[in-house]
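> Build me a model:
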Amino acid sequence: MSIKVVLVAIAVLALAVLAARLISMRRGQSWAVFAFVCLLSPMLSPIAWSHYQILLAPMLLVLAYEYVTTGADVVDWTGLACGFALAELTWQPFGTLVGLLRQLLTGKPETGLIEGNVFVVAAFAQFVVLAAAFIWFMRNRNSPAVSRPARDERAGRGAG
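Here you go, the predicted model:
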């Protein structure tokens, strides 16, 4: 086992501990926990990009829900949109968005060099979404956005 593998495992473990700490005080944390597990798991094993994009989806959905229900600012939404856009640069098995645009505009097919470079850039989607999640959960550590009993109680009292 190389030192690089050990260092990556330690870094991912540290991120997992931080994520667990950030969401430990929240009610209904199962979706946030699942989203963090999906987001961090590709860091420990090599998987195909098509699976990698699917593993970003739970955190993208959790953050979008949190942003809508709690009220996020433009910077939060921009970070989430950037993470989504980076993830959507590749459309396996069809190629990349850049390759498609190149073919539409110039008539030239996508090259392996372009495809490889786009994959490198698209790999940053995970880190952008991870940063957006850490920033959001640090700021809203005790927010009950996932389960909102206060709003449910007010609705129940008004009906009775």
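> all contacts plus neighbour counts: C-alpha atoms, from now on.
Noted.
> Poorly predicted segments of the chain, please.
25-30, 47-51, 92-93, 141-160 (pLDDT under 70).
> Please, where are all the strands along it?
Counting by DSSP state E, the chain has strands at residues 90-91, 95-96.
> mind putting those in JSON lines, mean neighbour count and distance to Val74 included?
Formatted as JSON lines, the strands of the chain follow (neighbours: other CA atoms under 10 Å; distance: least, CA to CA, whole Å):
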{"stretch": "strand 90-91", "mean neighbour count": "19", "distance to Val74": "26"}
{"stretch": "strand 95-96", "mean neighbour count": "20", "distance to Val74": "28"}
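> With distance to Leu7 as added columns, please give those strands in JSON lines.
Output for the strands of the chain, formatted as JSON lines (distance: least, CA to CA, whole Å):
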{"stretch": "strand 90-91", "distance to Leu7": "28"}
{"stretch": "strand 95-96", "distance to Leu7": "31"}
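> Which among those is found nearest to Ile3?
Ile3 lies closest to strand 90-91 among the strands of the chain, at 31.0 Å (CA to CA).
> what residues does the closest one touch?
50, 96-97, 118-119, 122 (CA atoms under 8 Å, 6 or more residues apart in numbering).
> redo that, cut-off 6 Å
Thr96 (CA atoms under 6 Å, 6 or more residues apart in numbering).
> in its sheet, what does that strand sit against?
strand 95-96 (antiparallel) (DSSP bridges).
> Out of the strands of the chain, flag the one nearest Ser41.
For Ser41, the closest of those is strand 90-91, at 19.9 Å, according to CA to CA.
> hmm, back to that, quick one, which of the strands of the chain gets closest to Phe134.
Phe134 lies closest to strand 90-91 among these, at 24.8 Å (CA to CA).
> Which among the strands of the chain is found nearest to Arg139?
Across the strands of the chain, closest to Arg139 is strand 90-91 (CA to CA), at 31.4 Å.
> Please tell me how far the closest residue in space to Gly79 that isn't next to it in sequence sits from Met138.
Sequence neighbours aside, Ala132 is the residue nearest to Gly79 in space, at 5.9 Å (criterion: CA to CA, 6 or more residues apart in numbering). According to CA to CA, to the nearest Å, Ala132 and Met138 sit 10 Å apart.
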